[in-house]
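**Q** how does the following fold in three dimensions:
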Amino acid sequence: MNCPNCQSERTRRGGTRTWTIYMILILLAIPAVLLFHLNAAIVAGVMTVAIVLAHLLLGERVCIDCGHQWRA
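**A** Residues are numbered from 1 along each chain as shown. Sure, this is the predicted structure:
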């Protein structure tokens, strides 16, 4: 997929909203494991599913060359 801004072929999945979801998941996972003593493997599995769903549902892409973000 080419960047609509600079036509570069160097793009990857991600974006501001995707990284926001990553940070929210991390902020929720640490207290879940340390304070509420939930199983870390189960929390990691839930986080992995949430990350995969975020990538599939949001569909954001980022150009490595110019930094432009768009929905694919």
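
**Q** use CA for all of it now, contacts and neighbours both
**A** Noted.

**Q** so residue 6 is in contact with residue 66, correct?
**A** Yes. Counting by Cα atoms under 8 Å, residue 6 touches residue 66, with 7.1 Å between them.

**Q** tell me where this protein has helices.
**A** Assigned by DSSP state H, the helices in the chain fall at 16-34, 40-58.

**Q** for these, could you give me JSON lines that also reports mean pLDDT, distance to residue 1 and mean neighbour count?
**A** Output for the helices of the chain, formatted as JSON lines (pLDDT from 0 to 100; distance: least, Cα to Cα, whole Å; neighbours: other Cα atoms under 10 Å):
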{"stretch": "helix 16-34", "mean pLDDT": "97", "distance to residue 1": "18", "mean neighbour count": "14"}
{"stretch": "helix 40-58", "mean pLDDT": "97", "distance to residue 1": "16", "mean neighbour count": "13"}
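
**Q** of all these, which lies closest to residue 72?
**A** helix 40-58 (8.6 Å; Cα to Cα).

**Q** okay, now residue 3: neighbour count?
**A** Residue 3 has 21 neighbouring residues, counting by other Cα atoms under 10 Å.

**Q** for the one 4 residues further on, same thing?
**A** Residue 7 has 13 neighbouring residues, counting by other Cα under 10 Å.

**Q** how near is it to residue 45?
**A** 36 Å (Cα to Cα, to the nearest Å).

**Q** what does residue 60 give?
**A** 22 Å.

**Q** and if you look at residue 37?
**A** In terms of Cα to Cα, residue 37 sits 15 Å off from residue 45.

**Q** now do the buried residues in stretch 58-72.
**A** 60-63, 69-70 (16 or more other Cα atoms under 10 Å).

**Q** could you dump these to TSV with pLDDT?
**A** Output for the buried residues of stretch 58-72, formatted as TSV (pLDDT from 0 to 100):
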residue	pLDDT
60	95
61	96
62	96
63	96
69	95
70	95
